[in-house]
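>>> Got a predicted structure here, sequence first:
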Amino acid sequence: MRLKPVYATDPNLVDAPLTEVPNQWAPQQGIHLYHFPLSLDSQKVRQGLEELGVQWQSHPILLSAHQQFSPSYVRINSRCVVPTLVIDGKVTTDTINILDLLGARFSNANQSFETSAEEKELVNYWVDKAAGLFIEALTYGHIDGVKKPFPLGNASDSGRSHQDKVDLLSGLIETYKKDLTLKAAYEKKRAVIEATKEAMVAPGQMSAIVDATRVELADLAHQLAAGQFNHGGWLASDAFSLADVQWGAVLYRLQWVGLQPLLWEEGSIISAYAEKLFAKASFQTGVVQWSRVGRKVVLPTIRYKLLKSLRLKRDA
Ligand SMILES: N[C@@H](CCC(=O)N[C@@H](CS)C(=O)NCC(=O)O)C(=O)O
């Protein structure tokens, strides 16, 4: 039974994270983030950038229009996922890896994410725990009694959106069969999506994933009560850390998809922690302001699709 995302459990199925790898297809100057407004991992990295006070250029990759599969993007991130960070033509992938790099490069300026050596171990433990939650399944999978918000409502249809991606990738593998780099990226991605879909639709899977998540949240409540949070600090340290960046986006997502009543009690220590996380200016700028679905996702997607069809008509 699969209870965690492929990226957290199967390093052999996905391309290894890149750290500052020169890439001729990437912008050669400045700090650039390729991201999707509603993506959980993009939310984490945007908050990290805000927290560190880093100026960055935004490149939205519309997952709603499957832009993560466009050849120009796949040449930068062969995992076909967001986010991707580019600094002066050098590519860094994988959310945990990107946040570590940002912390190492930019934390001196304002001491953000600085934790003691003992705290660091605990911070990493809670970073990995958040990254191991199967948020993709909880977001898209059908859960009895839970009505997903717009625009997810339709996608929560027993793996239909994942099957659409598998079909699209099969077409791309055929189209790009002579470009071995693209072909390999699409084949790997198709295998990841097939494994993810299976983990959402097989009988009993979704309820097992909900139960496993509830256990993790009980651990979270325990740590909050026993650790620094109870003394005016944060999850794993006195100062705000990368563990808090991870959990802020996670709790916000679980609330948004209507899972809070199944996972933690209203008014509990988790709610108090969530409130403190969501009140941070970096969270408001990096996460909340990008969550306006109409303006940030629906309109850009319509615009992109219209332009694409106009271009196709013109070329015909
Ligand atoms: N944690 C991995 C995976 C990231 C990931 O799964 N990103 C999602 C959005 S949060 C995505 O791009 N999904 C698009 C797709 O799988 O087609 C990483 O940071 O590289």
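Right, received. Where do you want to start? Numbers count the residues shown, from 1 in each chain.

>>> What lies in contact with stretch 119-137?
2-5, 7-9, 40, 95-96, 115, 196, 199-200, 205-206, 209, 212-213, 216, 219-220, 223, 227, 235-238, 241-243, 246-247, 250, 253-254 (CB atoms under 8 Å, 6 or more residues apart in numbering). For glycine as for every other residue, the C-beta is placed from the backbone atoms N, C-alpha and C.

>>> List buried residues within those residues.
The neighbour-count criterion (16 or more other CB atoms under 10 Å) marks 2-5, 7, 40, 95-96, 115, 196, 199-200, 205-206, 209, 212-213, 216, 220, 223, 227, 235-237, 241-243, 246-247, 250, 253-254 among these as buried.

>>> What about the ligand: which of these touch it?
7, 40, 95 (CB under 6 Å from any ligand atom).

>>> Helix or strand for Thr92, just tell me which one.
strand 90-93 (DSSP states H and E).

>>> Equivalent analysis for Thr285, please.
When elements are assigned from DSSP H and E, Thr285 belongs to helix 281-286.

>>> where does the helix or strand following that helix sit relative to the chain's centre, distance-wise?
Using DSSP H and E, the helix or strand that follows helix 281-286 in sequence is helix 293. Offset of helix 293 from its chain centre (CA atoms, centre = their mean, to the nearest Å): 16 Å.

>>> buried residues in the helix or strand following helix 293?
Remark: after helix 293, the chain's next helix or strand is helix 299-315, criterion DSSP H and E. Within helix 299-315, the residues that count as buried by 16+ other CB under 10 Å are Thr301.

>>> Chain neighbours aside, what residue packs nearest to the residue most central in space within the chain?
Nearest to the geometric centre of the chain sits Asp41, at 2.1 Å (CA atoms, centre = their mean). Once flanking residues are discounted, Asp41 sits nearest to Thr95: 4.1 Å by CB to CB, 6 or more residues apart in numbering.

>>> rewinding a little: which secondary structure elements does the helix holding Thr285 contact?
helix 40-52 (3 or more CB pairs under 8 Å, 6 or more residues apart in numbering; DSSP states H and E).

>>> Just the CA trace of the helix it packs on, in PDB.
Output of helix 40-52 as PDB, limited to C-alpha atoms (Å, rounded to 0.1, in the frame of the first residue of the first chain):
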ATOM      1  CA  LEU A  40       2.000  23.300  -2.400                       C
ATOM      2  CA  ASP A  41       5.700  23.100  -3.100                       C
ATOM      3  CA  SER A  42       5.600  26.400  -4.900                       C
ATOM      4  CA  GLN A  43       3.900  27.900  -1.900                       C
ATOM      5  CA  LYS A  44       6.700  26.700   0.300                       C
ATOM      6  CA  VAL A  45       9.500  28.100  -1.900                       C
ATOM      7  CA  ARG A  46       7.700  31.400  -2.400                       C
ATOM      8  CA  GLN A  47       7.400  31.800   1.400                       C
ATOM      9  CA  GLY A  48      11.100  31.000   1.800                       C
ATOM     10  CA  LEU A  49      12.000  33.700  -0.700                       C
ATOM     11  CA  GLU A  50       9.800  36.200   1.000                       C
ATOM     12  CA  GLU A  51      11.100  35.300   4.400                       C
ATOM     13  CA  LEU A  52      14.700  35.800   3.200                       C
END
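
>>> List of residues touching that helix?
Outside helix 40-52, the residues that touch it by CB under 8 Å, 6+ apart are 33, 35-36, 56, 81-83, 85, 95, 98-99, 102-103, 106-107, 109-110, 112-113, 135, 139, 240, 242, 245-246, 248-250, 252-253, 280-283, 285-287, 290.

>>> So in that sheet, which strands flank the helix or strand following that helix, and in what orientation?
As assigned by DSSP H and E, the chain's next helix or strand after helix 40-52 is strand 57-60. According to DSSP bridges, strand 57-60 has the following sheet partners: strand 31-35 (parallel).

>>> mean confidence for the partner strand?
Across strand 31-35, pLDDT averages out at 98.
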